[in-house]
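Q: Sequence first, then the predicted structure:
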Amino acid sequence: MFQRLKNNYRTIFYSLLTTSFYPAKAFAQWDNMNMREGVTQVSRDVFELHMLIFYICVAIGTLVFGVMFFSLFRYTKKRNPVPATFHESTKLEFAWTLVPFLILVAMAVPASKTLQDIYQDEEGEINIQVVGYQWKWEYKYLEDDINFFSNLSTDQDEIYNLVPKGENYLLEVDEPLIIPVNTRVRFLITANDVIHSWWVPDFAIKQDAIPGFINTAWTKVEEPGIYRGNCTELCGKNHGFMPVVVKVVEQEEYDNWIISKKNEAIKLAELTEKEWSLAELTSRGEGVYEKNCVACHQASGQGMPPIFPALAGSEIALYDKSRHLEILMEGVQGAAMQSYANQLSEVDMAAVITYTRQAWGNAENGDGAYVVPKDIVEYKKPKI
Amino acid sequence: MSAVIESHHDDHHHGPAKGIMRWVLTTNHKDIGSLYLWFSFAMFLIGGAMAMVIRAELFQPGMQIVEPAFYNQMLTLHGLIMVFGAVMPAFVGLANWLVPMMIGAPDMALPRLNNLSFWILPFAFGILLSSLFMEGGAPNFGWTFYAPLSTTYAPPSVTFFIFSVHIMGASSIMGSINVIVTIMNMRAPGMDLMKMPLFVWSWLITAYLLIAVMPVLAGAVTMMLMDIHFGTSFFNAAGGGDPVLFQHIFWFFGHPEVYIMILPAFGITSHIIETFARKQLFGYSSMVWAMLSIAILSFVVWAHHMFTVGMPLAAELFFMWATMLIAVPTGVKVFNWVATMFRGSITYETPMLFAIAFVVLFTIGGFSGLMLAITPADFQYHDTYFVVAHFHYVLVPGSVFSIMAAVYYWIPKWTGNMYDERLSRLHFWLSFVGVNVTFFPQHWIGLAGMPRRYPDYALQFADWNMVSTAGAFLFGASQVLFLFIVLKTVLGGKKATPEVWEGARGLEWTVDSPAPYHTFSTPPKVS
């Protein structure tokens, strides 16, 4: 009942604000104009705080602007040719210093309390490391030894307006983070290259992911569902294209998912052992390239020099297989190129190197040498 | 003092030189004031054009007219140019024109330094803008240039950016020294500190803030330079440094910086409201104390820009409380302005319209600022369009409107001609509607979850982005009208009287309109 009344007030308030410049019906969804309440205790507390301070501001604003517009209307030169001469009042000035101060104290109390709740960051039942990369997220389940990357899955053609945009345009990923409902989950947030920020509005979590440092956040989600968020710290060219998607499921579904992820890992290990043909590697590599490399080096392999060099016709891609492997494994010091050693499986690593040595006429112009998964395993062995 | 006493008849021997060299070599505070103002207007148009690129790209979801990489260069340069090229030099220009006339001084205390501090600015911005044509493009890391995006991952042009920031900083520091020395030493006999016009007070405080924080900015960019070229690791965790250190240093500069851009606006607004309400400003001394409190508090609130970097609870609480405290002196100022209007005798010339809009819209920006101070809520607002709406409300209908108000208010004194009242009202209303249509909906899309610095966005933000873009183009176009009105006033118009405005108070209204090339060669008596 009260909730409905509150919502009505909100709707009326926004209608008043908006009817002045656009027919309200075109903007039927008021949810698109306010903070979401979210699905955790913390997110609801934050929402309450937000509404509380909003109403306080509206009240103060009404009062101050009320007096002001009354004066502007009533005390024009026409209506009040002779101005008053008062220009100070210690009592009044004392009052309007003290009263706002007291209002502020009243706001600071609940705000400080909520902040303390947010900072209860002891270990969770599940602990997940979140790592920001240019421009994707990696999730590592610390108890279960599972990790994977989460990339934007919106088609480039949608972004460049060649095909209609889907419902979750820019808010969809190839593999979402999965967590169980009603479980305390703690996130250990960091980054691999520049600063990113991991935001899920429905959990009221926004924590910067900072290279070399680990920040923590926690949540206990009360409703299963899919929750979408964003990177909120400018992290370079594709800052707008690395969404966060969290799927919250029942405990049983979560357990099954963990088991299937572990089986996947076993299958992947088998793939590493398999004998690969050049054609198989090249075709797998194309997929890996599209997912991980096109953002900088472009689908055409032309890159965006000087920051992102061209691969098509590059000396290294043509003639220097071992340096090629080394760059992918170690990254390039002081440049945007990062190490992919932990991001790609042995199979995908071999496949993408092979692909870039075959595509865009590189095979014809260069030595055509290619790499198989076992080479990567060999490279990774500790050198004595 | 006896050395500077001249007879009144000597005045006309010192008219301006002829031709372009007048402007290059000038040491006259009025000439330099005009140079600053024209320069800042040029930067306002360039930075504005970049804003139009940004808004045009955001008109609809999807990438239409620019690539994300170029979009980032636009938003970076837009911010840098508007802050360092438009707003700050405009206030320095106003200080040059007005401070000597308001305190009854013949000129600024250090005229050659004054010339130098202006003439290095075009080079600073020439260097910055030239980076657009360099390989790898212009700086693309936001006007806040957080490391390591601005160091290890920056385009090669970052070095030019650093050099350019150094020059801007040097210019600001020289300008501030000049303002302080002028105010401290050259006030007319009888003008005590607590009798100074509020614009002079606001600039005295601003100048101290600038001297305190510009070297900090210089330190930050120098550390970047060392990290990029000389193998240090101030901001590189892999070398034992700390990327968050950069943010602390930057915002220790950055927060006082935002007050640098608003304090002179407080001074201007006070004068205009007092004049057109025909009633002495309410609470002069509390206005001064409020500005001083705001300036002092500005040094202890910087980390409210960084609530999400993972500071300890105690730090978050401290910065939340300290930030909320700023609402008290700011509130005092707003109440004083309202009390000045109360039972006044008000007329609505264009400067007054801009000043009233300033009070209302700056207060709205203050409200959203208060909301942002609440740390738990800031976790939701931070780096969304809510923040963009907030700081544009305090900067555009705040600082920029106050500058426009000042131009309309003092241009009859500068040129001797009245501006076109009808056209200028049209300019006001177009700007007023434009600014609100642009920025008000950004509160909503920010709350609903649209992050800032995004070249593209999810579909639920499409409607309001379209509205916002329409407003931005209206606002942009109406500034061309402003240019026209100013030019028209410079070239001719109804002659202005020395007083110009019926209710105006202050020494600048005692000299002729236009103000002679040299004013107050003999100091006036202030009772």
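A: Nice, I can see it.

Q: How much space separates B:Ile167 from B:Phe118?
A: Using Cβ to Cβ, to the nearest Å, B:Ile167 is found at 12 Å from B:Phe118. Quick note: C-beta positions are derived from backbone N, CA and C, even for glycine.

Q: Around residue 96, count how many other residues there are.
A: Using chain A here. Here the number of neighbours of A:Trp96 (other Cβ atoms under 10 Å in any protein chain shown) works out to 22.

Q: Not quite, go with chain B.
A: Residues lying near B:Asn96 (other Cβ under 10 Å) number 28.

Q: Quick check: which element contains it?
A: Taking DSSP states H and E as the definition, B:Asn96 sits inside helix B:88-103.

Q: Could you export that helix as CSV, CA atoms only?
A: Extracted C-alpha coordinates of helix B:88-103, given in CSV (Å, rounded to 0.1, in the frame of the first residue of the first chain):
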residue,chain,number,x,y,z
MET,B,88,39.6,30.0,-16.2
PRO,B,89,41.0,32.6,-18.7
ALA,B,90,37.5,34.3,-18.8
PHE,B,91,37.7,34.9,-15.1
VAL,B,92,41.3,36.1,-15.4
GLY,B,93,40.2,38.5,-18.1
LEU,B,94,37.4,39.8,-15.9
ALA,B,95,39.9,40.2,-13.0
ASN,B,96,42.2,42.2,-15.3
TRP,B,97,39.5,44.5,-16.4
LEU,B,98,37.7,44.9,-13.1
VAL,B,99,40.0,44.5,-10.1
PRO,B,100,42.1,47.7,-10.7
MET,B,101,39.0,49.7,-11.4
MET,B,102,37.1,48.3,-8.4
ILE,B,103,39.9,49.0,-5.9
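
Q: how far out from the middle of the chain is it?
A: Chain-centre distance of helix B:88-103: 13 Å, with Cα atoms, centre = their mean, to the nearest Å.

Q: next one: stretch B:132-140
A: Stretch B:132-140 has its C-alpha centroid displaced from the chain centroid by 26 Å (Cα atoms, centre = their mean).

Q: hang on, the earlier thing: and B:Ile167 and B:Phe118? Which one has more around it.
A: Higher neighbour count among B:Ile167 and B:Phe118: B:Phe118, with 24 against 18, using other Cβ under 10 Å.

Q: could you give the angle of the helix or strand hosting the more buried one to helix B:88-103?
A: Per DSSP H and E, B:Phe118 falls inside helix B:111-119. Counting by axes from the mean of the first three to the mean of the last three Cα atoms, to 10 degrees, helix B:111-119 points 150 degrees away from the direction of helix B:88-103.

Q: any idea which helix or strand comes after helix B:111-119?
A: Reading on from helix B:111-119 to the C-terminus, the next helix or strand found by DSSP H and E is helix B:121-130.

Q: Show me what counts as buried in that following helix.
A: By neighbour count with 16 or more other Cβ atoms under 10 Å in any protein chain shown, helix B:121-130 contains the buried residues B:121, B:124-125, B:127-129.

Q: picking that back up, which strands or helices does the helix holding B:Phe118 pack on?
A: Judged by 3 or more Cβ pairs under 8 Å, 6 or more residues apart in numbering or on different chains; DSSP states H and E, helix B:111-119 is in contact with helix B:29-57, helix B:158-185.

Q: out of those helices, which comes closest to A:Met304?
A: Closest approach to A:Met304 among these is made by helix B:158-185 (16.5 Å; Cβ to Cβ).

Q: Report the distance from the closest one to the chain centre.
A: Computed by Cα atoms, centre = their mean, the separation of helix B:158-185 from the middle of its chain amounts to 14 Å.

Q: Tell me the predicted confidence for the residue of the stretch 101-250 of chain A found nearest chain B.
A: Closest contact between the stretch 101-250 of chain A and chain B, by Cβ to the nearest Cβ, is at A:Gly212 (2.1 Å). A:Gly212 carries a pLDDT value of 93.

Q: In contact with the nearest residue to it once chain neighbours are set aside, which residues?
A: Nearest non-adjacent residue to A:Gly212, counting by Cβ to Cβ, 6 or more residues apart in numbering or on different chains: B:Ala237, 2.1 Å away. Neighbouring residues of B:Ala237 by Cβ atoms under 8 Å, 6 or more residues apart in numbering or on different chains: A:210-213, B:243.

Q: Phi, psi for B:Ala237 please.
A: Main-chain torsions, B:Ala237, degrees, to the nearest 10: phi -60, psi -30.
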